[in-house]
Structure formats: structure tokens, C-alpha cells
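S.K.: just coords:
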């Protein structure tokens, strides 16, 4: 199972989506999830409304290429209509191990048409992932609890879909009970299963220690 750091490997909340968190994640061998938006015609890293000091997405990709170009990226799309800019920069920096996710369903069609890797969301609110046949994988989320079973994940793998599980602490719930549940399934060791977490080092020790 691959471990992705959520908004980088941060040590304090102020480090989320910062250069320090990104460098630390790649240096420690973790891929990561981050958020992109547009700001005055360019792509920037920002979970919320961007500001003039938001890190350019291109700078982030340069850090990735310099430190861990083989490590996976989960790119959370926070605004519509970014397909062309995303595709141009991914090609420029030769990023191949990545997926985009969380865009609106109409916007997703543009990513699929552009042949950009897309994960479709599945949650208690979205039991049937949009564009399932065309999606490379599933972003498996639980806003209020772990509604999914081991069979749900196994069925995605049987359909040749990758799966990225959202760890409960991202929604302010305890994570160890879910991690224990995950560890009991054989797919926990599958290379197409990922965990997005605020605690990448803990997850590494828990699942691979």
C-alpha cells in the first residue's frame, strides 16, 4: 500500500501546502496530495481562495522533479476549467505518476477527454462513482464514518481500478480503528491501494513496520 501525505508532510498546521511540507514528504519517500486553483491566469497551490503569495503549481512540480519525480501525486482540483493548464504543466515536467480528482462531474469530462488521469469520488453521498468506466481509480471517502467494506475495495481492484482511501483524521475522527480494519484485509498490501493521511510516518510504521 502506498502512503500519500495530505497537503505535504507537515509538522504543524501552518505548514500545510508549503514548500517545507512538500520537500519533507518527497525527501522521506512519500507521495502527496495537494490542492490547485487558478489565480490571475496561472495555477497555484491553494486549498481555499488563493492570495498573491500562493505557491505557483509550476514551482511545486519543480520540487517534485528535483527530489522525487517517481513519487505519486494526487492533485485536488478546486476550480473548473483548468484542464489545458494542468495538462501543459504535467507534460512540461514529465509527470506520469499522478491522478487528478474532486472536480465537478461536468468538468471531469474535460479531463477525461484530454486523457488526464482521473480518480472518481465514492462516498456515502456518492455511492455510484461518476464516469467509472473511464476513471483510473477511486477516491474513497467517508465524511461521517467508514461506510465501506473490504469487499467494496476488492471489487474496485477486480475491475482494475486503483483506490485511494481517505484516512479518518482528515475529517477529525480517530484513525487507528480504521487502520486496524484495513490491516485485516489482504488488499492492504496491494500496490494499487493508497492511503491519504495527515500522519504519513505513523502510517508507514503501522502498515510496514
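M.R.: Arrived safely, thanks for sending. It should be emphasised that the depicted structure is a prediction, and the values quoted were computed from it without experimental measurement.
S.K.: show me the helices in this protein, by range?
M.R.: 19-27, 57-67, 83-92, 105-113, 150-158, 176-183, 200-208 (DSSP state H).
S.K.: now what about the fourth one, what contacts it?
M.R.: Outside helix 105-113, the residues within contact range by Cβ atoms under 8 Å, 6 or more residues apart in numbering are 77, 80-81, 83, 86, 100, 103, 118, 120, 130-131, 134-135. C-beta coordinates here come from the backbone N, C-alpha and C atoms, glycine included.
S.K.: how does it look with 10 Å?
M.R.: The contact list for helix 105-113 (Cβ atoms under 10 Å, 6 or more residues apart in numbering) reads 77, 79-84, 86-87, 99-104, 116-121, 126, 130-131, 133-136.
S.K.: and it, what's buried?
M.R.: Within helix 105-113, the residues that count as buried by 16 or more other Cβ atoms under 10 Å are 107, 108, 109, 110, 111, 112.
S.K.: wait, what's in contact with the residue most central in space within the chain?
M.R.: With the centre of the chain defined as its mean C-alpha position, the nearest residue by Cα atoms, centre = their mean is residue 74, 3.0 Å away. Neighbour list for residue 74: 4-6, 31-35, 98-102, 119, 137, 139, 164, 194, 196 [criterion: Cβ under 10 Å, 6+ apart].
S.K.: which among these end up buried?
M.R.: Buried among the contacts of residue 74 (16+ other Cβ under 10 Å): 4-6, 31-35, 98-102, 119, 137, 139, 164, 194, 196.
S.K.: in strands, which of these appear?
M.R.: Mapping the buried ones among the contacts of residue 74 onto strands (DSSP state E) picks out 4-6, 31-35, 98-101, 119, 137, 139, 164, 194, 196.
S.K.: any idea how far residue 200 lies from residue 11?
M.R.: Counting by Cβ to Cβ, to the nearest Å, the gap between residue 200 and residue 11 amounts to 11 Å.
S.K.: if you count what's nearby, which of the two comes out ahead?
M.R.: residue 200 (25 against 10; other Cβ atoms under 10 Å).
S.K.: wait, what's in contact with the more buried one?
M.R.: So residue 200 contacts 3-6, 8-10, 24-25, 28-32, 167 (Cβ under 10 Å, 6+ apart).
S.K.: can you rerun that using 8 Å?
M.R.: 3, 4, 5, 9, 25, 28, 30.
S.K.: quick check: beta-bridge partners of the nearest residue to residue 2 once chain neighbours are set aside?
M.R.: Spatially, and ignoring its direct neighbours in sequence, residue 2 is nearest to residue 194 (4.4 Å; Cβ to Cβ, 6 or more residues apart in numbering). Counting by DSSP bridges, residue 194 forms beta bridges with residue 2, residue 164.
S.K.: contact partners for residue 194?
M.R.: Counting by Cβ under 8 Å, 6+ apart, residue 194 has contacts 1, 2, 3, 4, 31, 72, 74, 162, 163, 164, 165.
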